[in-house]
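Engineer: next come a sequence and a model predicted from it.
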Amino acid sequence: EAQVTQNPRYLITVTGKKLTVTCSQNMNHEYMSWYRQDPGLGLRQIYYSMNVEVTDKGDVPEGYKVSRKEKRNFPLILESPSPNQTSLYFCASSSALGELFFGEGSRLTVL
Amino acid sequence: GDSVTQMEGPVTLSEEAFLTINCTYTATGYPSLFWYVQYPGEGLQLLLKATKADDKGSNKGFEATYRKETTSFHLEKGSVQVSDSAVYFCALRYQGGKLIFGQGTELSVKP
């Protein structure tokens, strides 16, 4: 089954404690991206990757890092989380300009 | 810069009513346009898309036409059902991978 898998789905952490949200896709897609969803703001792109070792900033990259060492994985790293990064995060993948497939979301709370 | 603006919600309709959700965009190039739908507790799913001016996307009774002259991509459905209750997102995407979402419009359909 074609899918994008994110982990963890729910996480409560404290300010400054590094965390990683993993994202994996099984569709051999070149393109992967991360979004955060906040009430009234819709989805905002954090980072995207057109292929292995190629990443670019989206609209809200501050406080986040990504890496794309393998085609199937695109982890989101919060080196020093802060409360304003409390949000619902989505990973997505697609072929070049094809349909975006979204993961189920990761709800992060930073205390 | 590029942006997507949707009509504010929530939109509340009775079953079988006609639906329009307005979406306008500002773009420096020639993006593809999309409508995504998010059901409660789930990730986003592609509803329809249009890749060039005057294209019409359609799916599950929903339609939207890419209007370059009015920079619009309004979503319409002739007769909504309770099962259409969800949040709808308009988005634009360039070939380079950057993707911009509108803020989302919540639709509630009452029996």
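Structural biologist: Yes, it's here. For clarity, every value in this text was computed on a predicted model and none was experimentally measured.
Engineer: right, and the helix or strand after the helix or strand harbouring residue A:12?
Structural biologist: Residue A:12 is part of strand A:10-13, with elements assigned from DSSP states H and E. Remark: after strand A:10-13, the chain's next helix or strand is strand A:19-25, criterion DSSP H and E.
Engineer: direction included, what does the helix or strand following that following strand pair against?
Structural biologist: Going down the chain from strand A:19-25, the next helix or strand is strand A:31-38, by DSSP H and E. Partners of strand A:31-38 in the sheet, by DSSP bridges, are strand A:42-51 (antiparallel), strand A:87-94 (antiparallel).
Engineer: could you find the closest non-adjacent residue to the spatially most central residue of chain A?
Structural biologist: Closest to where the C-alpha atoms of chain A average out (C-alpha atoms, centre = their mean) is residue A:34, at 3.2 Å. Once flanking residues are discounted, residue A:34 sits nearest to residue A:46: 4.3 Å by C-beta to C-beta, 6 or more residues apart in numbering or on different chains. The C-beta positions use only the backbone N, C-alpha and C, and glycine is treated the same way.
Engineer: and the pLDDT at the one you found?
Structural biologist: Per-residue pLDDT puts residue A:46 at 96.
Engineer: then residue B:96?
Structural biologist: Residue B:96 is assigned a predicted lDDT (pLDDT) of 66.
Engineer: again with the one 3 residues further on
Structural biologist: Model confidence at residue B:99, given as pLDDT, is 82.
Engineer: beta partners of the one residue in chain A that gets nearest to chain B?
Structural biologist: Closest residue of chain A to chain B, C-beta to the nearest C-beta: residue A:102 (3.4 Å). Counting by DSSP bridges, residue A:102 is bridged to residue A:92.
Engineer: OK, contacts around it?
Structural biologist: Shown here is residue A:102, whose contacts under the criterion C-beta atoms under 8 Å, 6 or more residues apart in numbering or on different chains are A:4, A:90-92, B:43-45.
Engineer: the residue nearest to the centre of chain A against residue A:44, yeah?
Structural biologist: No. Taking C-beta atoms under 8 Å as the definition, residue A:34 is not a contact partner of residue A:44, at 9.8 Å.
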